[in-house]
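Participant: Provided below are the primary sequence and the corresponding predicted coordinates.
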Amino acid sequence: MARRSRVRAVATAAGAVALVAGVFGTGPAHADTADAARKMTVQFAEHELFIGTEPASVNLSYRWKVAGGGTAHHVHLTVDLSGVADFAEPAPSEHCKGNLCTLDLASATSDFHAITVMPKPGAVVGSSGTVTVSGTASDATVTGDHLTLTNGATQLKVSASAEQLNQVPGDTLTFPLDVWNNGQLPAAKGVELRIDTTAGLHLQGSCANCRDVPASGRGGHIVRETLCDFPTPVEPGRQYALSSPLSVKVGDEALRDKIFYEFTPLTSAAPANGPGSPLTLVPRGAMPSDGNIDPYFTTYVNSVNHADFAVTGDTVTGRRGGHATLHATVIDRGPAVVEDLLDDDAFLPVLVKLPPGTKATKIPDNCQPPPTDDGSDPGPGWAGPPTSAPSAAPGRQTRPVVHRRHRPRTPAVSTGRVRTLEVMKGLDPDASNDSAALTLRLAQGGSATGASGSVSGGPSAGSGLLADTGFGGGRIAWGAGALLLAGGTAVALSRRSRGGN
């Protein structure tokens, strides 16, 4: 299987840490006239089930619910398996006797129950029948449900591919996929291949039986989804290969990427699709005796490309004793899209040193004091991650805001600092733009009570990483945008005010 890595908490020597059936029961259960309007429904979770070989059984799950959030009493539920008795039987259970499985409840609102059904010895593969669930209650009418159960299943598996390391933009990767069926029933109408890719991988070529579909609902990292339909029946015990491998180009956005592929049985005729020659399935003989145990697989692709995070500081002018707001901007200049494919809460930590002589009065909501290396109280300052956000692509930026009050002894020009912290070695080799100044200038005219001053988004002042000893006093550390920088949405960070000096 592909190696999985996670981005966890990051600490610096300065101590700042980025945080990281139809038969009714025998008991009397007639609804009273006053309660005739109370209704209870019992429904199966699925309405078509198959008994496969892995495992050689199937779970029949059903859920009940009383309309309007009410309660039904003296409830008696029955699952009737007589319609499938020729080939299936319930697993031994205190709830089951013969072909009937019952459940008695003193009261019921909403819940679920499941029973296990197994094939009988020598049962004919392909046999099918109906299972019903019904019920009664002393003070409610109960509506039941039914499902179709078949002995046998189609169980598709797809070949695995090794993870790809040290790729560079422009590389082309190939994935020669195989599919096989270790179930008892064929995929009689054929199969469908689903291919999902992240931002740095681009599926090449156009095939008559493949089409792109919206990738929404597949997770924040998936930017493209392709479906390919094969009207070739996939027989039990047989293996088939793509007529040509999938071809994927590594793009400029590549850094941490993945390609996901899955085969499922077609339930209807394959639709007509786009231009080009069709991709087909080629028989390869008997299925392998071992291999991937799932109908899907994910291959991770890591590239040597990197992103460049740039920090822009700010300059504010205000009167002594007044209030002002400073903005710090962090932007991914690309070309890579940076994301942790396994952790939606990973983030890029940023450390702020307040200008001397100021006090923070409003800070990012998820911030708190950063611990020191020895675990002692670091004094005033804050640290923390952003709220969960899917991502921000190259060119998008985040602008956490820090409000501060000028103290009476604030110098005429007071300068703090903002800088990113390294979370992945080699991710941002250009350190010249990882740090910027936060400058407070006092206007002429003495002190002021209440808010004053004007904010200007100035360019980066200063460069290079600060020495760790330069972050004493008031510190704030926050996750400036998620370390999942894909999807093109600027991250909006909510804040909680914390006291500090």
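Facilitator: Structure's in. What do you need?
Participant: Which phi and psi values does Cys101 adopt?
Facilitator: When read as degrees, to the nearest 10, the backbone of Cys101 gives phi -120, psi 120.
Participant: Please tell me how far it sits from Glu94.
Facilitator: 10 Å (CB to CB, to the nearest Å). Bear in mind the C-beta positions are built from the backbone N, C-alpha and C, glycine included.
Participant: So if I had to pick from these two, which one is more boxed in?
Facilitator: Neighbours were counted for Cys101 and for Glu94 using other CB atoms under 10 Å; Cys101 has more, 25 against 7.
Participant: Tell me the bridge partners for the more buried one.
Facilitator: Val79, Cys96 (DSSP bridges).
Participant: Contacts only, for it.
Facilitator: By CB atoms under 8 Å, 6 or more residues apart in numbering, the residues touching Cys101 are Thr78, Val79, Leu81, Pro90, Ser93, His95, Ile115.
Participant: can you pick the most crowded of these?
Facilitator: Neighbour counts for the contacts of Cys101, by other CB under 10 Å, peak at Val79, which reaches 30 neighbours.
Participant: quick one: which two of the contacts of Cys101 are the most distant?
Facilitator: Maximum pairwise distance among the contacts of Cys101 (CB to CB): 13.8 Å, between Thr78 and Ser93.
Participant: which element follows the least confident helix or strand in the chain by mean pLDDT toward the C-terminus?
Facilitator: Least confident element among the helices and strands of the chain, by mean pLDDT, DSSP states H and E: strand 17-18 (a mean of 29). Next helix or strand after strand 17-18 toward the C-terminus (DSSP states H and E): strand 39-44.
Participant: just checking, what packs against that next one?
Facilitator: Applying 3 or more CB pairs under 8 Å, 6 or more residues apart in numbering; DSSP states H and E, we find strand 39-44 packed against strand 58-66, strand 72-80, strand 128-136, strand 141-143, strand 145-151.
Participant: quick one, helices of the protein?
Facilitator: Ranges of helices in the chain, per DSSP state H: none exist.
Participant: how does it divide up, domain by domain?
Facilitator: What automatic domain parsing lists as the domains of the chain is 33-151, 154-303, 307-482.
Participant: Most tightly packed of the ones you listed?
Facilitator: domain 307-482 (a mean of 19; mean count of other CB atoms under 10 Å).
Participant: ok, now which ones touch the nearest residue to Val125 once chain neighbours are set aside?
Facilitator: Of all residues beyond its chain neighbours, the one nearest Val125 is Gly152 (4.1 Å), with distances taken as CB to CB, 6 or more residues apart in numbering. Taking CB under 8 Å, 6+ apart, we find Gly152 in contact with Phe50, Ile51, Gly52, Val125, Gly126, Ser127, Gly183, Gln184, Leu185.
Participant: Need these in a markdown table (columns: distance to Gly205 and pLDDT).
Facilitator: Shown next, in a markdown table, are these (distance: CB to CB, whole Å; pLDDT from 0 to 100):
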| residue | distance to Gly205 | pLDDT |
| --- | --- | --- |
| Phe50 | 35 | 95 |
| Ile51 | 40 | 94 |
| Gly52 | 35 | 89 |
| Val125 | 39 | 94 |
| Gly126 | 38 | 94 |
| Ser127 | 43 | 96 |
| Gly183 | 31 | 92 |
| Gln184 | 35 | 93 |
| Leu185 | 32 | 94 |
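Participant: among those residues, which are in strands?
Facilitator: With strands taken from DSSP state E, the overlap with the contacts of Gly152 comprises Phe50, Ile51.
Participant: among the contacts of Gly152, which two are most distant?
Facilitator: Largest separation among these by CB to CB: Ser127 and Gly183, giving 14.8 Å.
Participant: I'd like the distance between the residue nearest to Val125 and Asp171.
Facilitator: In terms of CB to CB, Gly152 sits 44 Å off from Asp171.
Participant: can you check Asp86 too?
Facilitator: Note on Asp86: its distance to Asp171, by CB to CB, is 57 Å.
Participant: closest one to Leu165 among the helices and strands packed on strand 39-44?
Facilitator: Closest approach to Leu165 among these (CB to CB): strand 58-66, 40.2 Å.
Participant: Settle this for me: Asp145 is touching Ala45, isn't it.
Facilitator: No. Counting by CB atoms under 8 Å, Ala45 is not a contact partner of Asp145; they are 9.9 Å apart.
Participant: biggest strand in the protein by residues?
Facilitator: Counting by DSSP E, the longest strand found in the chain is strand 435-447.
Participant: Output it as PDB, nothing but the C-alphas.
Facilitator: Extracted C-alpha coordinates of strand 435-447, given in PDB (Å, rounded to 0.1, in the frame of the first residue of the first chain):
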ATOM      1  CA  SER A 435       9.700  37.500   7.400                       C
ATOM      2  CA  ALA A 436       8.400  41.000   7.400                       C
ATOM      3  CA  ALA A 437       8.100  44.000   9.800                       C
ATOM      4  CA  LEU A 438       5.000  45.200  11.600                       C
ATOM      5  CA  THR A 439       5.700  48.900  12.200                       C
ATOM      6  CA  LEU A 440       3.800  51.300  14.400                       C
ATOM      7  CA  ARG A 441       4.500  55.100  13.900                       C
ATOM      8  CA  LEU A 442       3.200  57.600  16.400                       C
ATOM      9  CA  ALA A 443       1.500  60.700  14.900                       C
ATOM     10  CA  GLN A 444       2.500  64.100  16.200                       C
ATOM     11  CA  GLY A 445       0.100  65.800  18.600                       C
ATOM     12  CA  GLY A 446       0.400  63.800  21.800                       C
ATOM     13  CA  SER A 447      -1.800  61.200  23.300                       C
END
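Participant: in its sheet, what does it sit against?
Facilitator: strand 314-320 (parallel), strand 413-420 (antiparallel).
Participant: in the protein, which ranges drop under the pLDDT threshold?
Facilitator: Along the chain, the model assigns pLDDT under 70 to residues 1-37, 216-220, 270-274, 343-347, 363-411, 422-425, 445-501.
Participant: please redo it, this time with the cut-off set to 50
Facilitator: Counting by pLDDT under 50, the ranges of the chain that qualify are 1-36, 375-393, 396-407, 448-501.
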